[in-house]
Structure formats: C-alpha cells, structure tokens
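Asker: The amino acid sequence is not available; the structure is as follows:
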C-alpha cells in the first residue's frame, strides 16, 4: 500500500486530519513517569492509547530521541512498534545529504524503524533526495516553507522574481514520478500555503504551526486541503502532549486531540 493510500484510509476511518507530533521531552512529562525503566516510551504508550482513534498520523521528532543516545533510539523503536500498523508514522528528521549518506538515512528510517515517511531537506538538490524516493511505497516530505520565524531568511527569497518556496514546490512536483513526495508548509504562512496548494493540487502537505505556534486553523483548512478536503496533515505536538502534566495527562491529551479534530472538521464542512 502506498503512503497516500494508507493516509487516506486512516484519515477517513478516524475522520481526522490531525497528526500528533511525538516530541517527548523528559523535562515536561509527568514526574511520576520518571521512575519508569523507559519513561519516554511509557509516556508515548499512554499518549498513543488515548489518541489512536483521533489522528491520521504520528510524527516522532528525531531530536528528542537522539539526545538520549542508545536509550533514546530504543524508546523510538518501541514507540514505532507500538503505534497501530494502520496509522502512518512520519519521522521528522529533516535529512538531506549526498547520495551514499542519504541512502543510509533512508535505510535507517524505512527499513530498520519501518516508518512510512520522513521529512527531508532539499538544499543539496535532487540527488540528495533520490535515495528516499527509491522507496515507492514510502513518502519523502520535502521542506518547502517552514513555520519558524527564520524561514524568511531563505525560503521567501526571490530568484528571478519568484520566491524560492514556489521553485521548491515545482521541483518536488516534477520529482513525484512514483507518487511518493509531499511538502512541509507551515500554517503560519496561509497566503503562501494557498499558492503552494495551487502548484501541487494532489500532493500531501504536512502542516506544522497550529497549536503552540498559533497558526490559524480556518485558513489552514481552506488553503491546505485538496479539492476533496483531504491530504492536509495538520500537526500539533506540545498543545496535545502537555495538555496536562499530572496523572491525567493521557486523558487530557485525548481531549485536546478530540477538540482539535472536531475544530478542523467544523471548518472542513463549511
């Protein structure tokens, strides 16, 4: 099953465009979990149990696992194995390097972790991304216009009168021969999101920036979804994960995921 097919199947089953970012920070998880043998996995396990019927994908951020060396990698492996197989896993790694190196990254994420997608950086060009694109049933989400303030340093720069993000979107569309490309576009740039969706009408777009970064949900839905109101993967991390830091953290996360899903669906149906 190709990534898009898997994404659409669970999105329709759960009636959801919500992607939950598993950016698990030991400084923010409830203190009672710190005594667990693997507190990162213990936290993730409860979060997944509380939200698996409300999301269309999970997105672990590599930095929060790599920071703890082999223990972090073990926690990530266990987390990926625990996520129900019907739900896509998008590894947020933002990799992008020369071919041989990229090939090893692709092997690590797609073969060892057995995840469904990874975020990649297009700065070094097509040859740095080709090893990811060789996996036709996976997906490479290419950074196009990110939600952080510094995105304007390069991504909004004009090249021959056109913003770089438009050129990236067009390049990725041309690289999509196996229907396994997507884009990362921040919810904090709604007008640019509208233009990017015009360029790539049928690509999945991973959209960070709602929740803690205060991206507008209504404009995200209006401009980010495809013609069928789908293929927008709207990520929220901290707002859901840390809705409570007490023993009711999992229930609070589930309630926040439900609130976000229903709010998104409210605008989808307008």
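Answerer: Alright, I've got the coordinates. Being a predicted model, the structure only gives us computed values, none of them experimental. Residues are numbered from 1 along each chain as shown.
Asker: Grab the longest helix from the chain for me.
Answerer: Longest helix of the chain, by residue count under DSSP state H: helix 249-268.
Asker: What residues sit buried inside that helix?
Answerer: Neighbour-count burial for helix 249-268 flags 249-250, 252-258, 260-261, 264, 267-268 (criterion: 16 or more other CB atoms under 10 Å). For the C-beta atoms, the positions are set from N, CA and C on the backbone; glycine is no exception.
Asker: ok, of these, which one's closest to residue 55?
Answerer: Nearest to residue 55 among the buried residues of helix 249-268: residue 257, at 6.5 Å, using CB to CB.
Asker: Enumerate every residue touching the residue nearest the centre of the chain.
Answerer: Among the residues of the chain, the one closest to the centroid is residue 59, at 4.8 Å (CA atoms, centre = their mean). Shown in contact with residue 59 (CB atoms under 8 Å, 6 or more residues apart in numbering): 19, 20, 21, 22, 89, 90, 91, 92, 206, 235, 237.
Asker: Could you check how far the residue in the chain sticking out farthest from the centre is from residue 194?
Answerer: Distance from the C-alpha centroid of the chain peaks at residue 160, with 31.0 Å (CA atoms, centre = their mean). Going from residue 160 to residue 194 by CB to CB, to the nearest Å gives 22 Å.
Asker: that older thread, for the longest helix of the chain, which outside residues touch it?
Answerer: 14-18, 20, 29-30, 43, 46-47, 49-51, 54-55, 210-211, 217-218, 221-222, 225, 229, 234, 236, 239-244.
Asker: Could you identify the helix or strand that succeeds the host helix or strand of residue 174?
Answerer: Under the criterion of DSSP states H and E, residue 174 resides in helix 164-175. Downstream of helix 164-175, the next assigned helix or strand under DSSP H and E is strand 181-185.
Asker: List the pairing partners of that following strand within its sheet, with orientation.
Answerer: strand 139-145 (parallel), strand 205-207 (parallel) (DSSP bridges).
Asker: Relative to residue 75, how far out is residue 66?
Answerer: For residue 66, the distance to residue 75 equals 11 Å [CB to CB].
Asker: hmm, back to that, mind listing what's buried in the helix holding residue 174?
Answerer: Applying 16+ other CB under 10 Å to helix 164-175 flags 164, 165, 166, 168, 169, 171, 172, 175 as buried.
Asker: mind checking how far stretch 107-123 is from the chain centre?
Answerer: How far stretch 107-123 lies from its chain's middle: 12 Å, per CA atoms, centre = their mean, to the nearest Å.
Asker: Quote the end-to-end distance of it.
Answerer: Start to finish, the residues bounding stretch 107-123 are 21 Å apart (CA to CA, to the nearest Å).
Asker: Residues touching it, excluding its own?
Answerer: Residues outside stretch 107-123 that contact it (CB under 8 Å, 6+ apart) are 3, 6, 57, 76-77, 80, 88-96, 105-106, 128-129, 132, 135, 138-143, 168, 171-172, 182, 184, 206.
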